[in-house]
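Trainee: after the sequence you'll find the predicted model.
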Amino acid sequence: MTWLFKHRFLILRRLSQIGMIFLYFAANVWGWKILQGNLGSSLLFETLPLSDPFAVVQMSAAGALLGLDLLIGAGIITLFYALIGGRAFCSWVCPVNMITDAANGLRRLLRINEVEYRYVLSRHLRYWILALSIVLSAIFGVAAFEFVSPIGILNRGLIFGIGFGGAVIAGVFLFDLFGAKNGFCGHLCPLGGFYSLIGRFSLIRVKHNQEKCTVCMKCTEICPEKPVLHMIGKRSEFVTMGECSNCARCIEVCESDALHFDIRFLNQKKSASL
């Protein structure tokens, strides 16, 4: 029971990620009508359209004529992450997160994290790739990132068969294992950068309680976006940086219960007074 509670958010995240892939797969193989399509464009219960807003932005830049369902679907997803989930797509939905988590787990096991590198990969690089994706879409008339996106390749591969796309996924795994810690999700992925921007003011956030904190720093060691926990050991406040993916790893490793999910703005005043 203790192990289950300690890993409760990891279990829920995996159920969410695998469950969505299973529903897409079931729609393709058995004709289930719960969730049809893929992460780029879906139909929920044959009624509600859901679309990847970053793909829609690229398609718009490319000059594509967009259907009303696609625009409504992108609007629904954008509103959900902007108002509620923040960057939760990356840790609760994206299948590549399971690949990069596996690479980082093996990285810790092999103690590769202790190797000192002479180069530093900027976390701002994902925003430059985001902008470049839009520019290239406008120049070449196609959704540029979607052509090479490991997220789309893995998602479609798990639904319809992986094929040669497996080489791209293997590349992501090896890059995170031997190249840079949290290399793809934390530095390169423009979709993660996109959700970081639109989810900056979302309501559900991790909250830090300084009175309970023992400054063990286990949370910063496990966090894939370490800069978002800049307040640890200093003051009580919400994790407000858009780069936080609400993965809850920091909550799971905190033995003093100094971190938990809360609703931002609703309890902001109370937090500031602590």
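Mentor: Okay, I see it. Numbering: from 1, shown residues only.
Trainee: mind listing the strands for this structure?
Mentor: For the chain, applying DSSP state E gives strands covering 35-37, 41-44, 48-51, 204-208, 237-238, 259-263.
Trainee: please identify the most buried of those strands.
Mentor: Ranked by mean neighbour count, the strands of the chain are led by strand 204-208 with a mean of 23 (mean count of other CB atoms under 10 Å). Just so you know, the C-beta spots here come from the backbone N, C-alpha and C atoms, and that holds for glycine as well.
Trainee: strands paired with that one, and their directions?
Mentor: When sheet partners are counted by DSSP bridges, strand 204-208 sits next to strand 237-238 (antiparallel), strand 259-263 (antiparallel).
Trainee: among those, which is nearest A26?
Mentor: strand 259-263 (30.2 Å; CB to CB).
Trainee: so how far is that closest one from its chain's centroid?
Mentor: Here the centre of mass of C-alpha atoms in strand 259-263, compared against the chain's by CA atoms, centre = their mean, to the nearest Å, lies 18 Å away.
Trainee: oh, and call the first residue 22 from now on, that's how I've got it
Mentor: Understood, numbering begins at 22; the last thing we discussed is strand 280-284.
Trainee: and for it, what's in contact with it?
Mentor: Here strand 280-284 makes contact (CB atoms under 8 Å, 6 or more residues apart in numbering) with 224-230, 240, 259, 267, 269, 271-272, 292.
Trainee: what's the domain layout of the chain?
Mentor: Residue ranges for the domains of the chain, per the TED database: 24-218, 225-293.
Trainee: top helix in the protein by residue count?
Mentor: When the chain is parsed with DSSP state H, its longest helix is helix 29-50.
Trainee: roughly how far is that helix from the heart of the chain?
Mentor: That offset, for helix 29-50, works out to 15 Å (CA atoms, centre = their mean).
Trainee: in the stretch 72-221 of the chain, what residue spans correspond to helices?
Mentor: 74-82, 89-101, 110-113, 117-130, 146-161, 165-169, 171-181, 186-195, 204, 211-219 (DSSP state H, counting those that start in this stretch).
Trainee: mind checking the ones you listed for the one nearest to L64?
Mentor: Among the helices of the stretch 72-221 of the chain, helix 89-101 sits nearest to L64 (CB to CB), with 8.2 Å.
Trainee: pull out the buried residues from the closest one.
Mentor: Within helix 89-101, the residues that qualify as buried by neighbour count (16 or more other CB atoms under 10 Å) are 91, 94-95, 98-99, 101.
Trainee: tabulate those (a markdown table), appending pLDDT and distance to I155.
Mentor: Putting the buried residues of helix 89-101 into a markdown table (pLDDT from 0 to 100; distance: CB to CB, whole Å) gives the following:
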| residue | pLDDT | distance to I155 |
| --- | --- | --- |
| L91 | 95 | 17 |
| G94 | 97 | 19 |
| A95 | 97 | 15 |
| I98 | 97 | 18 |
| T99 | 97 | 16 |
| F101 | 96 | 22 |
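Trainee: and of these, the nearest to K54?
Mentor: Distances from K54 to these, taken by CB to CB, are shortest for G94, at 16.5 Å.
Trainee: isn't the closest one up against L60?
Mentor: No. Using CB atoms under 8 Å, G94 and L60 do not qualify as a contacting pair, with a distance of 11.4 Å.
Trainee: and for those two, which residues touch both?
Mentor: Contact with both G94 and L60 is made by no residue, according to CB under 8 Å, 6+ apart.
Trainee: ok, back up a step: can you list the contacts of strand 280-284 in CSV and add distance to C115 and pLDDT?
Mentor: As requested, those are exported to CSV (distance: CB to CB, whole Å; pLDDT from 0 to 100):
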residue, distance to C115, pLDDT
L224, 21, 94
I225, 17, 94
R226, 19, 95
V227, 19, 96
K228, 24, 96
H229, 25, 96
N230, 29, 95
C240, 22, 96
F259, 23, 95
N267, 12, 96
A269, 15, 96
C271, 19, 97
I272, 20, 97
S292, 29, 52
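Trainee: okay, the spatially most central residue of the chain and D278: tell me how far apart.
Mentor: The residue lying closest to the centre of the chain (CA atoms, centre = their mean) is C111, at 1.1 Å. The gap separating C111 from D278 is 25 Å, by CB to CB, to the nearest Å.
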